[in-house]
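K.L.:
next input, structure requested:
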Amino acid sequence: MKEKQSQNANVLGKKYIWILASLLFLGLFIFIANISSLLPFEQLPVQIVSACLEAVVTAIITVFLLKAQTNEQTEAELAKERFAVLFAKKTETYDAYMNDLVGIANRGTITKEEFLKLVDDLNFKVAMYVSDEINDKIAEQLDMIGNNHDPKTIKTAVFNIAQELKTDLRAVL
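P.N.:
Here you go, the predicted model:
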């Protein structure tokens with residue numbers, strides 16, 4: 001216990017030595033200025049008050065600037081978080097849609113029910129995230145699949161749809 005107190009006293013003594021040294025130099029400066037008449041002491045109170053007011057104004061301006069910076073950082077972090085969530089949902093939706101398409105492309109055939117499901121998924125799931133232009137391009141590819149059940153046409157259309165979705169994901173980044 002006594003060791004801690006003596007250590008604290010040593011640390012406090014080291015901390016306060018700079019304060020004491022600064023006060024000593026300030027006193028020495030004032031004494032020399034008074035003797036040599038470098039510092040007009042009749043204006044000293046006015047100078048002290050003006051220095052204090054300058055410090056207060058500087059502190060207020062600093063607080064406002066720090067608050068503005070903090071608000072900008074908070075907004076940027078929120079936008080980044082929203083982007084991450086949106087990108088994750090987009091990727092998840094596109095992945096599920098592509099899994100259905102790849103299954104059909106691997107089989108080389110499509111049933112009417114599968115085609116209608118793909119169209120519904122395009123209109124109600126994928127369309128939430130893609131632009132109208134990309135949605136129209138994907139719809140054209142689906143029409144090609146629906147009109148021509150040739151395995152080569154299906155694979156080509158699935159590839160084109162994958163390219164459109166990849167383009168959309170890259171455009172976001």
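K.L.:
so where is the chain shaky, pLDDT-wise?
P.N.:
Applying pLDDT under 70 to the chain flags residues 1-14, 36-42, 44, 172-173.
K.L.:
show me where it has helices.
P.N.:
Along the chain, counting by DSSP state H, helices occupy 2-36, 44-107, 112-124, 132-147, 151-172.
K.L.:
tell me what angle the third one forms with helix 151-172.
P.N.:
Following axes from the mean of the first three to the mean of the last three CA atoms, to 10 degrees, one obtains 20 degrees for the angle between helix 112-124 and helix 151-172.
K.L.:
so what touches helix 112-124?
P.N.:
96-97, 100-101, 104, 135, 138-139, 142, 145-146 (CB atoms under 8 Å, 6 or more residues apart in numbering). All C-beta atoms are positioned from the backbone trio N, CA, C, and that covers glycine.
K.L.:
now the most centrally placed residue in the chain: how far from residue 110?
P.N.:
Centroid-nearest residue in the chain: residue 77, 3.3 Å away (criterion: CA atoms, centre = their mean). The gap separating residue 77 from residue 110 is 45 Å, by CB to CB, to the nearest Å.
K.L.:
try residue 119
P.N.:
According to CB to CB, residue 119 and residue 110 sit 11 Å apart.
K.L.:
what do you get for residue 98?
P.N.:
Per CB to CB, residue 98 is found 15 Å from residue 110.
K.L.:
and residue 79, by the same measure?
P.N.:
Distance from residue 79 to residue 110, by CB to CB: 40 Å.
K.L.:
the two - which one has more neighbours?
P.N.:
Higher neighbour count among residue 79 and residue 110: residue 110, with 20 against 10, using other CB atoms under 10 Å.
K.L.:
skipping adjacent residues, who's closest to the more buried one in space?
P.N.:
Sequence neighbours aside, residue 104 is the residue nearest to residue 110 in space, at 5.0 Å (criterion: CB to CB, 6 or more residues apart in numbering).
K.L.:
residues in contact with that neighbour?
P.N.:
Contacts of residue 104 by CB under 8 Å, 6+ apart are 110, 114, 118, 145, 154, 158.
K.L.:
most remote residue from this structure's center?
P.N.:
residue 35 (60.0 Å).
K.L.:
can you report how many residues neighbour residue 33?
P.N.:
Using other CB under 10 Å, residue 33 is surrounded by 14 other residues.
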